[in-house]
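[1] Sequence first, predicted coordinates after that:
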Amino acid sequence: MKEVIKTDLAPQAIGPYSQGRISGGYLFCSGQIPINPATGEVVDGGIEAQAKQVMENLKQILLAAEMNFDDVLKTTVFITDMGNFAAVNKIYGSYFTDKLPARSCVAVASLPKGVLVEIELIACKHA
């Protein structure tokens, strides 16, 4: 069974994609950027504020799928400046306990809406 995950507590898709999809017990979450779901606007405050908003958006999608950060198997972090790696890493790490997922981090030339960070994930309820 393939289920679409959708919540108003995370930003709505800005293109032809879903916030997340579940198949075979796995959640495939689309990359989240630092959009405040209440306003639809990119958050101000630099890399720390943006990283926190991204993680909060991911948290809401996980909750909508009846999962949490302990269920995350793999993340991919996209940042526009590797100089921001330590700041993103600190905030990212605060959302995980001892069940750390596999992760890739990639520097990119740009991201949608000019944001500084985007993160996608794969989770499994019974991992």
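    It's in.

[2] buried ones in stretch 118-127?
    Neighbour-count burial for stretch 118-127, counted by 16 or more other CB atoms under 10 Å, picks out Glu118, Ile119, Glu120, Leu121, Ile122, Ala123. C-beta here means a position set from N, CA and C on the backbone, and glycine is covered the same way.

[3] These into a markdown table, with extra columns for secondary structure?
    As requested, the buried residues of stretch 118-127 are exported to a markdown table (DSSP: H, G, I helix; E, B strand; the rest coil):
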| residue | secondary structure |
| --- | --- |
| Glu118 | strand |
| Ile119 | strand |
| Glu120 | strand |
| Leu121 | strand |
| Ile122 | strand |
| Ala123 | strand |
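
[4] Just put those residues in a markdown table and tack on pLDDT.
    Putting the buried residues of stretch 118-127 into a markdown table (pLDDT from 0 to 100) gives the following:
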| residue | pLDDT |
| --- | --- |
| Glu118 | 98 |
| Ile119 | 98 |
| Glu120 | 98 |
| Leu121 | 98 |
| Ile122 | 98 |
| Ala123 | 98 |
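
[5] Kindly confirm my reading that Glu48 is in a strand.
    No - note on Glu48: no strand contains this position according to three-state DSSP, which reports helix.

[6] so what's it closest to, chain neighbours aside?
    Ala87 (5.5 Å; CB to CB, 6 or more residues apart in numbering).

[7] what's the pLDDT at the one you found?
    Note on Ala87: pLDDT of 98.
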